[in-house]
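S.K.: sharing a model prediction with you, sequence too.
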Amino acid sequence: MNLYIDGEWISSTRSAPVINPATEEVVGQVPLATIDDLDRAVAAAVRGGRVWRDTPIADRTRILLTAAGLLASRADRVARVMTTEQGKPLAEARGEVLRVAGALRWDAEDARRAYGRIIPSAGDTVLSVRQEPIGPVAAFTPWNFPAGSPMRKMAGALAAGCSIVIKASEETPGTAVEIVRCFAEAGLPAGALNLVFGDPAEVSAHLIAKPEIRLVAFTGSIPVGKLLAAQAGAAMKPSLMELGGHAPVIVCADADPVQAARRSVAAKFANAGQVCTSPSRFLVHESLHDAFVAAFLAETAKIVVGNGLDDGVTMGPLANARRLKAMEELVADAVSRGAVVRAGGERLDRPGFFFAPAVLTGVPAGARVMVEEPFGPIAPIVSFAELGDALETANSLPYGLAAYGFTRSARTAEKLIGGFEAGILSINHCGGSVHEAPSGGVKSSGYGREGGPEGLEAYLVTKRVSHLLVD
């Protein structure tokens, strides 16, 4: 693996090991950028950004669509890389690759619709509004979606006509490298896209402080997001922040408890629960509690935990030892406060970072798993008597990314839609992100949107032009 700067694959004097979470074996070395590498990447982004901005939209679209086609055609190969370095089952990895190829197609086509407008004005003046690329972007992405998170930044920035320096995760570098290869082979101008890895704090502080960088885009934890947003704010740079969540699920009294449980389990344990929008607090009406728990346990028992490269596996390992330790601590804390472990909840006795999917009941409100984003395969289930109380509990935390509700009443659904404080809401299912609609949070879960027409807006600036006609 190498860094990609100014259209060239380059090595570095420093590196770090990449670990397969299913075996704990070293599968490669990721290069770590030096300060000189970062400066070269920014300079390349300035030069390449000018070329890319001035490339006709038809040509930009053609290049991006070609890259999307290359990525889709390599889905099997890229998925195997992703599973090896991140752990998710091969089917999930392949689905992620195909989704991001679709997202790139969407953004490439949507950029053709970034219209300005002509405003009626005085007879000797043409008053218009133009949409223009904001300029070079610095982006930072996590390890849980090695294709999805980087592509959201790359696709949005490049479709808008911006150049980008992206620091992908050092734990899952191979997937980002494969994606960048597709852009390079599609004919993207040198410098328009630059890929680096390195010490996260060092890289982010250096890139954000560079005056040439005009926008900061980040996906990750709330504490890190607040730090980067503060650094961007100090330099008067806009930022796009997609941060953590602790998504509540409210199962109303008129819902189908079995259907709600099945759909909740599928979403809860996808990617081993390492999803910022993962349903992570289950609030079930007291009349349905026992039926929901029984169905939830039955569905959880069907999960096959193992190496994501093996046939039949439906949940891979956690991505690293840190997440494994965090899960053990959250379960131990809940049990010490009176919660009951109904399934799983312990590390599996084998090499790799495997954790048995945990289902907890009787979890008190003060347990850490109820107030901290678990980001792993733990499902705490509690009961409620009144919908108003459930919504109050759901909204009591500083998170506001995703929320889910189950009901067979249109009136109750509207109460949920109006009552949840979240930027993403699904009723009667636990739907994930789609490229044709925006995703993003409220409160401490961030600001700005990715996906849909709104996803392009962050990478554009609005220019008002008043043109006085003269002879």
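M.R.: Nice, thanks for sending it over.

S.K.: quick one, strands of the stretch 151-300 of the chain?
M.R.: For the stretch 151-300 of the chain, applying DSSP state E, counting those that start in this stretch gives strands covering 164-167, 193-196, 215-219, 239-242, 247-251, 279-285.

S.K.: state the pLDDT value of the closest residue to residue 35 other than its chain neighbours.
M.R.: In this structure, residue 35 finds its nearest non-sequential neighbour in residue 206, 6.2 Å apart by C-beta to C-beta, 6 or more residues apart in numbering. Backbone N, C-alpha and C define where each C-beta goes, glycine included. Looking at residue 206, its pLDDT stands at 98.

S.K.: what is the burial count for residue 206?
M.R.: For residue 206, the count of nearby residues is 18 (other C-beta atoms under 10 Å).

S.K.: I'd say it and residue 36 touch.
M.R.: No - using C-beta atoms under 8 Å, residue 206 is not in contact with residue 36, being 10.7 Å away.

S.K.: dump the strands of the stretch 151-300 of the chain to CSV, plus mean pLDDT.
M.R.: Formatted as CSV, the strands of the stretch 151-300 of the chain follow (pLDDT from 0 to 100):
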stretch, mean pLDDT
strand 164-167, 98
strand 193-196, 98
strand 215-219, 98
strand 239-242, 98
strand 247-251, 98
strand 279-285, 98
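
S.K.: with distance to residue 423 added, can I get these in a markdown table?
M.R.: Shown next, in a markdown table, are the strands of the stretch 151-300 of the chain (distance: least, C-beta to C-beta, whole Å):
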| stretch | distance to residue 423 |
| --- | --- |
| strand 164-167 | 23 |
| strand 193-196 | 28 |
| strand 215-219 | 14 |
| strand 239-242 | 9 |
| strand 247-251 | 11 |
| strand 279-285 | 15 |
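
S.K.: of the ones you listed, which approaches residue 67 most closely?
M.R.: Nearest of those to residue 67, taken as C-beta to C-beta: strand 193-196 at 9.6 Å.

S.K.: the helix or strand harbouring residue 66: which residues count as buried?
M.R.: In this assignment (DSSP states H and E), residue 66 forms part of helix 57-73. Neighbour-count burial for helix 57-73 flags 60-61, 63-68, 70-72 (criterion: 16 or more other C-beta atoms under 10 Å).

S.K.: now swap in stretch 371-382 and tell me
M.R.: For stretch 371-382, the neighbour count (16+ other C-beta under 10 Å) marks 372-382 as buried.

S.K.: what of stretch 442-457?
M.R.: Under the neighbour-count criterion of 16+ other C-beta under 10 Å, stretch 442-457 has 443-452, 455-457 buried.

S.K.: returning to what we had before: among the strands of the stretch 151-300 of the chain, which comes closest to residue 10?
M.R.: Closest of these to residue 10 is strand 193-196, at 10.0 Å (criterion: C-beta to C-beta).

S.K.: contacting residues around that closest one?
M.R.: Here strand 193-196 makes contact (C-beta atoms under 8 Å, 6 or more residues apart in numbering) with 3-6, 33, 37-38, 41, 44-45, 48, 154, 158, 163-168, 176-177, 180, 183-184, 203.

S.K.: mind redoing it with 6 Å?
M.R.: With C-beta atoms under 6 Å, 6 or more residues apart in numbering as the test, strand 193-196 has contacts from 3-5, 33, 41, 44-45, 164-167, 176, 180, 183.

S.K.: about what we covered before: quick one: distance of the helix holding residue 66 to the chain centre.
M.R.: The chain centre lies 22 Å from the centre of helix 57-73; the measure is C-alpha atoms, centre = their mean, to the nearest Å.

S.K.: mean confidence score for the helix or strand just after that helix?
M.R.: Going down the chain from helix 57-73, the next helix or strand is helix 75-86, by DSSP H and E. The average pLDDT for helix 75-86 rounds to 98.

S.K.: and the angle from helix 75-86 to helix 57-73?
M.R.: If you take axes from the mean of the first three to the mean of the last three C-alpha atoms, to 10 degrees, helix 75-86 sits at 70 degrees to helix 57-73.

S.K.: in the very next helix or strand once past helix 75-86, what counts as buried?
M.R.: Going down the chain from helix 75-86, the next helix or strand is helix 90-110, by DSSP H and E. Of all the residues in helix 90-110, those buried under the rule 16+ other C-beta under 10 Å are 90, 92-94, 96-108, 110.

S.K.: alpha carbons of stretch 90-100, as PDB, please.
M.R.: The C-alpha trace of stretch 90-100 is given here as PDB (Å, rounded to 0.1, in the frame of the first residue of the first chain):
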ATOM      1  CA  LEU A  90     -18.200 -10.900   2.700                       C
ATOM      2  CA  ALA A  91     -21.800 -10.300   1.600                       C
ATOM      3  CA  GLU A  92     -22.000  -7.100   3.700                       C
ATOM      4  CA  ALA A  93     -18.700  -5.900   2.300                       C
ATOM      5  CA  ARG A  94     -19.800  -6.600  -1.300                       C
ATOM      6  CA  GLY A  95     -23.100  -4.800  -0.700                       C
ATOM      7  CA  GLU A  96     -21.200  -1.800   0.700                       C
ATOM      8  CA  VAL A  97     -19.000  -1.600  -2.400                       C
ATOM      9  CA  LEU A  98     -21.900  -1.700  -4.800                       C
ATOM     10  CA  ARG A  99     -23.800   0.900  -2.700                       C
ATOM     11  CA  VAL A 100     -20.900   3.400  -2.900                       C
END
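
S.K.: and residue 397, helix, strand or coil?
M.R.: With DSSP: H, G, I helix; E, B strand; the rest coil as the basis, residue 397 sits in coil.

S.K.: once you drop chain neighbours, what's closest to it?
M.R.: Counting by C-beta to C-beta, 6+ apart, residue 246 is the residue found nearest to residue 397 once chain neighbours are left out, at 5.5 Å.

S.K.: check that neighbour and give its pLDDT.
M.R.: For residue 246, pLDDT reads 98.

S.K.: from residue 225, how far out is the nearest residue to residue 448 once chain neighbours are set aside?
M.R.: Take residue 448 and drop its neighbours on the chain: the residue closest to it by C-beta to C-beta, 6+ apart is residue 240, 3.8 Å away. Per C-beta to C-beta, to the nearest Å, residue 240 is found 10 Å from residue 225.

S.K.: just residue 122 next, same as before
M.R.: According to C-beta to C-beta, residue 122 and residue 225 sit 46 Å apart.

S.K.: looking at the two, which one has more neighbours?
M.R.: Set residue 122 next to residue 225 and count neighbours by other C-beta under 10 Å: residue 225 wins out with 23 against 10.

S.K.: could you tell me the model confidence score at the closest residue to the more buried one other than its chain neighbours?
M.R.: Distances taken as C-beta to C-beta, 6+ apart put residue 243 closest to residue 225, at 4.3 Å, once the chain neighbours are dropped. You'll see residue 243 listed with a pLDDT of 97.
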